[in-house]
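> Provided below for reference: sequence and predicted model.
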Amino acid sequence: MDRPISARAVLAAAALVLVAAAPADRFEVAAAPQPMVRLQIKGTDLNVRVALGFDKALLLNLPAATRARLKAFPLIGKQTFKSNLMPGGSALIRGNLYDVGIGGLPATNVPTIWFDKALADDSDGVISLLAIPAEHVVVTQASAPRGGLVYGISRAGRGDAAMNVEIGGEKIHVILDVRSPETLFNGRAAQVLERAGMFRRTGRVGLWRPFPGSALPFERVTPTPGATILGLPLIAPAARVTEAQAKILDAKARAGTSSADQDDDAITVTAQRKKTQPPWILIGRDVLDFCSRIELDRPGGRWALTCAFPGASSR
């Protein structure tokens with residue numbers, strides 16, 4: 001999912017003075033059920049969740065940033081972050097570059113952003129796995145089945161968390177998310193996959209909660225047997241729909257919190273004054289719960305997932 005221009009500006013400004021530290025060889029973090037690490041910033045200890053779906057950055061709740069006495073980058077360090085995923089469709093953000101010590105590793109420079117709305121309800125914030133300075137960063141999941149196959153998937157670029165897949169002549173942005181219970185397609189991606197015969201719609205509605213206070217509707221879909229994304233099977237996916245579409249499908253969608261301004265990623269046809277988002281797919285726990293190891297392989301420019309999916313043959 002693309003960051004808005006304003007957030008990019010904060011990260012880019014910080015990156016101008018970024019100095020890379022020599023990375024460690026290997027770092028492991030256990031998911032129980034979510035991967036968490038302790039870090040230190042400006043002498044303040046924080047507990048944050050590790051995320052796989054965005055590039056190198058530390059995102060903090062405002063109380064944590066206040067506790068650490070963080071100050072915004074001059075001039076452009078304060079911006080309005082517009083995202084249909086946030087409650088109300090936007091948040092005020094501040095950002096700067098800080099030395100961050102993660103899990104006992106030597107401190108490394110990390111673009112750091114803090115929000116005026118709750119970003120995480122289980123920790124002080126969220127840090128990208130790519131911010132951890134090690135050549136191989138591994139998330140282990142003890143609850144996943146042992147053994148299986150290693151799925152090596154190239155990342156879009158050296159500093160990218162995302163991968164790309166081409167389906168029906170269209171390039172789709174793919175990320176991993178061990179927090180989302182479902183694999184999720186935005187409206188454009190769902191249109192491409194449905195046209196390719198990769199799923200059928202069920203008419204059953206659920207709610208996706210990307211942030212505290214945000215509940216966005218989706219329609220559960222049934223994958224075609226054998227359907228895969230980048231070699232990973234589709235297991236229990238869902239497709240984003242607008243609030244209006246959801247309420248037609250299922251009255252319980254009234255529990256959603258989104259407004260018409262937050263429907264951008266669910267729209268499949270460009271309407272007047274409304275621009276559709278590029279297609280994206282979020283691979284969730286319905287798939288990743290079968291993976292005992294999820295590795296960021298920096299030298300190889302890839303993700304390496306050790307997964308034992310039902311019906312897959314082990315080596």
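Right, received. Where do you want to start?
> what helix or strand is the residue most central in space within the chain on?
For the chain, residue 53 is the residue whose C-alpha lies nearest the centre (Cα atoms, centre = their mean; 3.1 Å). For residue 53, there is no host helix or strand (DSSP states H and E).
> wait, doesn't it sit right on residue 178?
No. With contacts counted by Cβ atoms under 8 Å, residue 53 stays clear of residue 178, the gap being 9.0 Å. In this view, the C-beta of every residue, glycine as well, is placed from N, C-alpha and C.
> Next SSE downstream of the longest strand anywhere in the chain?
Ranked by number of residues, the top strand in the chain under DSSP state E is strand 90-102. Sequence order places strand 108-115 as the next helix or strand after strand 90-102, per DSSP H and E.
> That following strand packs against which elements?
helix 5-15, strand 58-61, helix 62-67, strand 90-102 (3 or more Cβ pairs under 8 Å, 6 or more residues apart in numbering; DSSP states H and E).
> Check these for me: which has the lowest mean pLDDT.
The stretch with the lowest mean pLDDT among the helices and strands packed on strand 108-115 is helix 5-15, at a mean of 44.
> Compute the inter-axis angle for the next helix or strand after that one and strand 90-102.
If you walk from helix 5-15 toward the C-terminus, the next helix or strand you reach (DSSP H and E) is strand 24-30. Following axes from the mean of the first three to the mean of the last three Cα atoms, to 10 degrees, one obtains 120 degrees for the angle between strand 24-30 and strand 90-102.
> Can you list the strands that strand 24-30 pairs with?
In the sheet, strand 24-30 lines up against strand 134-140 (parallel) (DSSP bridges).
> Using PDB, list the CA coordinates for the next helix or strand after the strand it pairs with.
Counting by DSSP H and E, the next helix or strand C-terminal to strand 134-140 is strand 149-154. Taking C-alpha atoms only, strand 149-154 is exported to PDB below (Å, rounded to 0.1, in the frame of the first residue of the first chain):
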ATOM      1  CA  LEU A 149       9.000 -26.300   2.100                       C
ATOM      2  CA  VAL A 150      11.000 -23.100   1.800                       C
ATOM      3  CA  TYR A 151       9.300 -20.600  -0.400                       C
ATOM      4  CA  GLY A 152      11.800 -18.000  -1.600                       C
ATOM      5  CA  ILE A 153      10.100 -14.800  -3.000                       C
ATOM      6  CA  SER A 154      12.000 -11.900  -4.400                       C
END
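> For residue 178, grab the count of nearby residues.
A total of 24 residues lie near residue 178 under the criterion other Cβ atoms under 10 Å.
> For the residue lying closest to it once chain neighbours are set aside, give its distance to residue 180.
Nearest residue to residue 178, sequence neighbours excluded (Cβ to Cβ, 6 or more residues apart in numbering): residue 288, at 5.3 Å. Remark: distance between residue 288 and residue 180 (Cβ to Cβ, to the nearest Å) = 9 Å.
> With neighbour numbers in mind, choose between these two.
residue 288 (24 against 20).
> Next one, pLDDT for the more buried one please.
For residue 288, the predicted pLDDT is 98.
> got it, and residue 277?
On pLDDT, residue 277 comes in at 80.
> burial count for it?
18.
> now swap in the one 10 residues further on and tell me
By the other Cβ under 10 Å criterion, the neighbourhood of residue 287 contains 24 residues.
> Residue 202 versus that one, what's the distance?
18 Å.
> cool, residue 194 as well?
12 Å.
> who has more neighbours, the two?
Applying other Cβ under 10 Å to residue 194 and residue 202 shows that residue 194 carries more neighbours, namely 17 against 13.
> can you list the weak-confidence ranges in the stretch 1-150 of the chain?
1-23, 75-77 (pLDDT under 70).
> hey, C-alpha coordinates of the longest strand of the chain in CSV?
What follows is strand 90-102, C-alpha atoms only, in CSV (Å, rounded to 0.1, in the frame of the first residue of the first chain):
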residue,chain,number,x,y,z
SER,A,90,-6.3,11.1,8.2
ALA,A,91,-3.9,11.7,11.1
LEU,A,92,-1.4,14.4,12.1
ILE,A,93,2.1,13.0,12.0
ARG,A,94,5.5,14.2,13.1
GLY,A,95,8.8,12.6,12.2
ASN,A,96,12.6,12.7,12.5
LEU,A,97,15.6,10.4,12.3
TYR,A,98,16.8,8.8,15.5
ASP,A,99,19.4,6.3,16.6
VAL,A,100,17.4,3.2,17.8
GLY,A,101,18.8,0.2,19.7
ILE,A,102,16.7,-2.8,18.8
